[in-house]
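Student: after the sequence you'll find the predicted model.
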Amino acid sequence: MADPSTKTRLPMTPETVLKKRRHAAAAHAKSVRSQIKKRQSAQNKRRIIFKRPEQYIKEYRAKERDEVRLKRQASTAQNFFVPDETKLAFVVRIKGINGISPKPRKVLQLFRLRQINSGVFVKLNKATLSMLRLADPYITWGYPNLKTVKDLVYKRGFAKIQGKRTPLNDNSLIEKTLGQQNILCTEDIIHEVFTVGPAFKEVTNFLWPFKLNNPSGGWRKKNAHFVSGGDFGNREEKVNVLLRKMI
């Protein structure tokens, strides 16, 4: 009978190798958990992104119904209905730099209108209205509606990321820059601009100035005011007709 002590023993695994295996297994488990968390977070964000446009549509429709209701009440009481003052304007540069005086030149620089047919969204207040009056002969502007804002952002929208003009084709770019303002997607940008929300300044700085075409059919008369049959100055709601020809 063979002596048990003479049997061949299997070689023992070194402790360093076992430690490496344990660390590798722990790292793999941690990586799997982080991937699961990222996947769940992405799913939650997608749900939020899908639900927000519905909320915005409800908000816009409720506002329209309120205006109709107030108009009817005023008409029934034989009064006048005065809507809220417009807070949003879209400004387009229509002239070059030849013969421009220093003050209007500075206003155009502050509005980031450095090229002809470039446009930006502007929040209307006492200061910006004064600036618009200074630069009036070199710009045309008015009050964009929701459809115009959407067309501009979706068809002509570019972002300013690290000083570069970047297409708005990925919501992750928007979230990375504007996530702290709870803006995650393109619809959030449109809503913030149209309603002139608290993050309006951050959103408009994130958007690169819009590059537009010459209007189909051409300009009428750049040296005359819009009221006099020309092109420059405030067009109010009629700026939407012009922008459809330029987008």
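Tutor: Ah, there it is. Numbers count the residues shown, from 1 in each chain.

Student: when you work out contacts or count neighbours from here on, use the C-alpha atoms and nothing else.
Tutor: Noted.

Student: centre-most residue in the chain?
Tutor: Ile189 (3.4 Å; C-alpha atoms, centre = their mean).

Student: how about the strands in the chain?
Tutor: Across the chain, reading from the start of the chain, the strands by DSSP state E fall at 88-93, 118-123, 139-142, 158-161, 164-167, 210-211, 233-236.

Student: turn these into a markdown table, including mean neighbour count, mean pLDDT and distance to Lys176.
Tutor: Written out in a markdown table, the entries for the strands of the chain read as follows (neighbours: other C-alpha atoms under 10 Å; pLDDT from 0 to 100; distance: least, C-alpha to C-alpha, whole Å):
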| stretch | mean neighbour count | mean pLDDT | distance to Lys176 |
| --- | --- | --- | --- |
| strand 88-93 | 24 | 95 | 26 |
| strand 118-123 | 22 | 95 | 22 |
| strand 139-142 | 25 | 93 | 31 |
| strand 158-161 | 19 | 92 | 10 |
| strand 164-167 | 14 | 90 | 14 |
| strand 210-211 | 20 | 94 | 21 |
| strand 233-236 | 19 | 92 | 35 |
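
Student: is it possible to get a markdown table of these that adds distance to Glu59?
Tutor: As requested, these are exported to a markdown table (distance: least, C-alpha to C-alpha, whole Å):
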| stretch | distance to Glu59 |
| --- | --- |
| strand 88-93 | 17 |
| strand 118-123 | 20 |
| strand 139-142 | 23 |
| strand 158-161 | 26 |
| strand 164-167 | 28 |
| strand 210-211 | 27 |
| strand 233-236 | 23 |
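
Student: relative to Lys58, which of those strands is closest?
Tutor: strand 88-93 (20.4 Å; C-alpha to C-alpha).

Student: other SSEs contacting that closest one?
Tutor: Packed against strand 88-93, as judged by 3 or more C-alpha pairs under 8 Å, 6 or more residues apart in numbering; DSSP states H and E, are the following elements: strand 118-123, strand 139-142.

Student: got these as TSV, with distance to Ile97 columns?
Tutor: Rendered in TSV, the data for these read as follows (distance: least, C-alpha to C-alpha, whole Å):
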stretch	distance to Ile97
strand 118-123	14
strand 139-142	12
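
Student: for the ones you listed, which one sits closest to Phe206?
Tutor: Closest of the helices and strands packed on strand 88-93 to Phe206 is strand 118-123, at 11.4 Å (criterion: C-alpha to C-alpha).

Student: contact partners of that closest one?
Tutor: When contacts are defined by C-alpha atoms under 8 Å, 6 or more residues apart in numbering, strand 118-123 is touched by residues 87-93, 111-113, 128, 193, 196, 204, 209-212.

Student: okay, that strand in CSV with CA atoms only?
Tutor: Taking Å, rounded to 0.1, in the frame of the first residue of the first chain, the C-alpha atoms of strand 118-123 are listed here in CSV:
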residue,chain,number,x,y,z
SER,A,118,-26.9,87.1,-38.8
GLY,A,119,-29.6,87.0,-36.1
VAL,A,120,-30.0,86.6,-32.3
PHE,A,121,-32.7,86.4,-29.7
VAL,A,122,-32.9,89.4,-27.4
LYS,A,123,-34.8,89.9,-24.1
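
Student: the longest helix along the chain: how far from the chain's middle?
Tutor: The longest helix of the chain (DSSP state H) is helix 15-76. Distance of helix 15-76 from the chain centroid (C-alpha atoms, centre = their mean, to the nearest Å) equals 18 Å.
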